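**Student:** missing the sequence, but the structure's below:
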């Protein structure tokens with residue numbers, strides 16, 4: 001059960017609501033976010049919700065049987081739109097493309113990418129400054145110096161940036177230079193990291209773990225939400241299966257299911273989803289038809305020279321063609 005508290009409710013009213021919940025045999029967690037206050041109530045006894053709904057200070061009350069409560073559509077039927085700032089929103093009919101290199105490599109690369117994005121109406125640039133690599137000998141990013149330079153150049157061009165945070169200790173130093181924190185597949189169930197990201201007032205893009213279920217992704221989002229941050233974007237990026245013809249198995253089904261189970265926006269990552277450059281456009285378009293609220297993709301001026309993930313990265317010409325196609329696909333699903 002979720003009890004939404006009125007914004008002007010007094011602490012005395014909240015105490016009385018809490019006492020009533022406990023008297024009915026329910027335990028509760030008191031959750032405060034940027035936008036609202038909730039009591040998440042756990043118990044097995046059947047109760048009449050009207051007994052709670054009539055209490056002073058209660059805005060609304062919902063019965064939610066899902067293990068994930070706050071991220072479920074069973075209490076919030078309307079879709080959530082996450083505000084990135086500068087009039088940019090994702091979800092509830094607002095579609096965004098996030099594009100850029102796998103890794104931030106140099107000032108020249110940043111400037112070139114920004115020019116490409118601006119020429120094609122893209123408002124969010126993706127890129128990595130801390131890279132989780134399978135091999136410890138691979139390029140692992142430029143770190144904070146690269147992030148500060150990137151943020152400065154992007155801000156001057158009114159471009160928002162999304163980049164991956166890998167551990168709790170990085171959140172504070174990265175905070176002022178990031179518009180969207182990305183949680184990668186390898187950290188999808190790093191609950192310490194998710195707890196701390198729930199305490200910041202920045203959008204969080206949460207990728208599905210490479211072997212994670214849909215419910216596990218929603219439970220991970222619940223960690224962020226229950227710690228106070230409602231600005232969550234879910235991302236389907238492909239899962240690991242027995243198939244070896246491509247990098248991952250892009251679960252197009254998951255986009256539709258997530259949109260049904262959760263009110264949070266859902267974006268697709270076709271670059272990681274299939275991992276083969278010539279197929280990325282088809283997977284991106286399929287994701288839009290499945291209902292994705294956005295696409296995050298890898299783009300580089302010369303993918304063959306990219307420091308990482310060149311095999312799945314589009315060049316500028318391929319990127320422009322796909323952006324045009326995605327615009328047409330969006331018209332079909334509106």
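**Tutor:** Arrived safely, thanks for sending. As the structure is a prediction and not an experimental result, all values here were calculated from the model. Residues are numbered from 1 along each chain as shown.

**Student:** CA only for contacts and neighbour counts going forward, please
**Tutor:** Will do.

**Student:** Do a quick rundown of the helices in the stretch 101-250 of the chain.
**Tutor:** All helices of the stretch 101-250 of the chain, identified by DSSP state H, counting those that start in this stretch, fall at 107-119, 143-156, 168-174, 191-197, 214-226.

**Student:** With respect to burial, which of the ones you listed scores highest?
**Tutor:** Stretch with highest mean neighbour count among the helices of the stretch 101-250 of the chain: helix 214-226 (a mean of 23; mean count of other C-alpha atoms under 10 Å).

**Student:** can you list contacts of that helix?
**Tutor:** For helix 214-226, the surrounding residues in contact (C-alpha atoms under 8 Å, 6 or more residues apart in numbering) are 31-33, 67-71, 188-189, 191, 194-199, 206-209, 230-232, 234, 254, 258, 262.

**Student:** For the closest residue in space to residue 256 that isn't next to it in sequence, give me its contacts.
**Tutor:** Setting aside the residues directly before and after it, residue 256 is nearest to residue 290 in space (C-alpha to C-alpha, 6 or more residues apart in numbering), at 5.7 Å. Contact partners of residue 290, counting by C-alpha under 8 Å, 6+ apart, are 252-253, 255-256.

**Student:** can you list the residues you listed in JSON lines and add pLDDT, neighbour count and distance to residue 26?
**Tutor:** Conversion of the contacts of residue 290 to JSON lines gives the following (pLDDT from 0 to 100; neighbours: other C-alpha atoms under 10 Å; distance: C-alpha to C-alpha, whole Å):
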{"residue": "252", "pLDDT": "97", "neighbour count": "23", "distance to residue 26": "38"}
{"residue": "253", "pLDDT": "98", "neighbour count": "11", "distance to residue 26": "36"}
{"residue": "255", "pLDDT": "98", "neighbour count": "25", "distance to residue 26": "34"}
{"residue": "256", "pLDDT": "98", "neighbour count": "16", "distance to residue 26": "33"}
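
**Student:** Next step: these restricted to helices.
**Tutor:** 252-253, 255-256 (DSSP state H).

**Student:** quick one on the thing from earlier: let me have the contacts of residue 290 in JSON lines, extended by distance to residue 308.
**Tutor:** As requested, the contacts of residue 290 are arranged in JSON lines below (distance: C-alpha to C-alpha, whole Å):
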{"residue": "252", "distance to residue 308": "25"}
{"residue": "253", "distance to residue 308": "28"}
{"residue": "255", "distance to residue 308": "27"}
{"residue": "256", "distance to residue 308": "30"}
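
**Student:** nearest to residue 89, of those residues?
**Tutor:** Set against residue 89, the nearest of these by C-alpha to C-alpha is residue 255 (18.6 Å).

**Student:** so that closest one touches residue 266, yeah?
**Tutor:** Yes. Residue 255 is in contact with residue 266 according to C-alpha atoms under 8 Å; the separation is 6.6 Å.

**Student:** Now the common contact residues for these two.
**Tutor:** Counting by C-alpha under 8 Å, 6+ apart, the contacts common to residue 255 and residue 266 are 236, 292.

**Student:** ok so, going back, wait, which of the helices of the stretch 101-250 of the chain is closest to residue 44?
**Tutor:** Closest to residue 44 of these is helix 214-226 (C-alpha to C-alpha; 20.1 Å).

**Student:** Show me how far the closest one is from its chain's centre.
**Tutor:** Relative to its parent chain, helix 214-226 has a centroid offset of 11 Å by C-alpha atoms, centre = their mean, to the nearest Å.

**Student:** now do stretch 90-102
**Tutor:** Offset of stretch 90-102 from its chain centre (C-alpha atoms, centre = their mean): 10 Å.

**Student:** what comes up buried for it?
**Tutor:** By neighbour count on 16 or more other C-alpha atoms under 10 Å, the buried set for stretch 90-102 is 90-91, 93, 95-102.

**Student:** How about stretch 237-257?
**Tutor:** Residues of stretch 237-257 classed as buried: 237-239, 247-252, 254-256 (neighbour count, 16+ other C-alpha under 10 Å).

**Student:** got the contact list for it?
**Tutor:** Outside stretch 237-257, the residues within contact range by C-alpha under 8 Å, 6+ apart are 207-212, 214, 236, 266-276, 283, 286-287, 290-292.

**Student:** Give me the ChimeraX select line for these, limited to the buried ones.
**Tutor:** Here is the ChimeraX command that selects the buried residues among those (16+ other C-alpha under 10 Å):
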select :207,208,209,210,212,214,236,266,267,268,269,270,271,272,273,274,275,276,283,286,287,290,291,292
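
**Student:** what does stretch 327-334 contact?
**Tutor:** For stretch 327-334, contacts defined as C-alpha under 8 Å, 6+ apart pick out 285, 288-289, 291.
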